[in-house]
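Enquirer: below: sequence and its predicted model.
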Amino acid sequence: MSVTPRRGSPVRLGPPGSYVMFMLIAGLCWLPLRLWDERDGSALVAVVRAGLGGVIWGFLFLFILGRWGEPRTPAEAERNAGWRLTMAALRRGEPPTDEADLAAVTDNLPAVRRGALLGAVGGTVLLGVLIVIALHVGWTGSAIGFGVVLVAVLAQAARTRHRERRLRARLASVQGG
């Protein structure tokens with residue numbers, strides 16, 4: 001019985017960049033509905049409610065898009081395999097020994113770095129604004145929740161960046177550069 005390869009996320013960013021991007025998209029999708037719900041109330045409350053939806057649905061988007069369907073083309077299957085190799089090499093901290101796998105990991109490291117940077121900067125801006133707005137409208141519990149998510153995003157970004165630097169240094173020693 002053959003194993004069908006997973007489709008993988010269409011977004012190639014290291015953690016937590018893809019989550020922050022999906023969180024923003026989900027929050028923007030929720031915003032019109034929340035503005036409609038709060039048409040007689042405060043627009044700031046609608047923004048906080050949309051942000052809560054974005055934080056929750058961002059996880060679901062990330063999970064669903066990463067596991068739904070099959071690769072459409074052999075090239076997509078190859079890119080997904082290369083991305084999985086890169087993530088495994090990041091976790092292990094060791095570059096692969098095979099030359100083709102080494103090339104795939106080297107090609108994907110800039111995307112890992114961009115994901116860590118996008119996650120840190122984008123998460124700080126987005127969640128920082130949501131924290132301020134939630135405190136302004138008196139939703140202290142939501143502000144605390146946004147703060148917890150922000151700390152988790154920043155910790156994951158720092159961890160990814162550290163692992164990326166460590167892997168890049170090991171790649172340089174393997175490649176003799």
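Expert: That came in fine, so what should we check first?
Enquirer: quick one: what helix or strand has W57 in it?
Expert: helix 43-67 (DSSP states H and E).
Enquirer: please list all residues in contact with the residue nearest to A26 when sequence neighbours are not counted.
Expert: In space, and not counting its chain neighbours, A26 is closest to W57: 3.7 Å by C-beta to C-beta, 6 or more residues apart in numbering. C-beta here means a position set from N, CA and C on the backbone, and glycine is covered the same way. W57 makes contact with 22-23, 26, 29-30, according to C-beta atoms under 8 Å, 6 or more residues apart in numbering.
Enquirer: dump the residues you listed into CSV; add pLDDT and neighbour count as well.
Expert: Shown next, in CSV, are the contacts of W57 (pLDDT from 0 to 100; neighbours: other C-beta atoms under 10 Å):
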residue, pLDDT, neighbour count
F22, 91, 22
M23, 94, 29
A26, 94, 22
C29, 95, 14
W30, 94, 21
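Enquirer: buried sites along the lowest-mean-pLDDT helix or strand in the chain?
Expert: Least confident helix or strand, the chain: helix 74-92 with a mean of 85, by mean pLDDT, DSSP states H and E. Buried residues in helix 74-92, defined by neighbour count with 16 or more other C-beta atoms under 10 Å: 77, 79-80, 82-83, 85-87, 89-90.
Enquirer: show the average pLDDT along the longest helix along the chain.
Expert: Identified as the longest helix of the chain according to DSSP state H is helix 99-137. Averaging pLDDT along helix 99-137 gives 93.
Enquirer: just after it, pick out the following helix or strand.
Expert: helix 140-175.
Enquirer: between that next one and helix 74-92, how big is the angle?
Expert: 100 degrees (axes from the mean of the first three to the mean of the last three C-alpha atoms, to 10 degrees).
Enquirer: one step back: who's in contact with the least confident helix or strand of the chain?
Expert: So helix 74-92 is in contact with 5-8, 12, 14, 71, 95-96, 101, 104-105, 107-109, 112, 160, 163-164, 167, going by C-beta under 8 Å, 6+ apart.
Enquirer: separation between the residue lying closest to R49 once chain neighbours are set aside and L135?
Expert: In space, and not counting its chain neighbours, R49 is closest to R34: 4.5 Å by C-beta to C-beta, 6+ apart. The spacing between R34 and L135, counted by C-beta to C-beta, to the nearest Å, is 18 Å.
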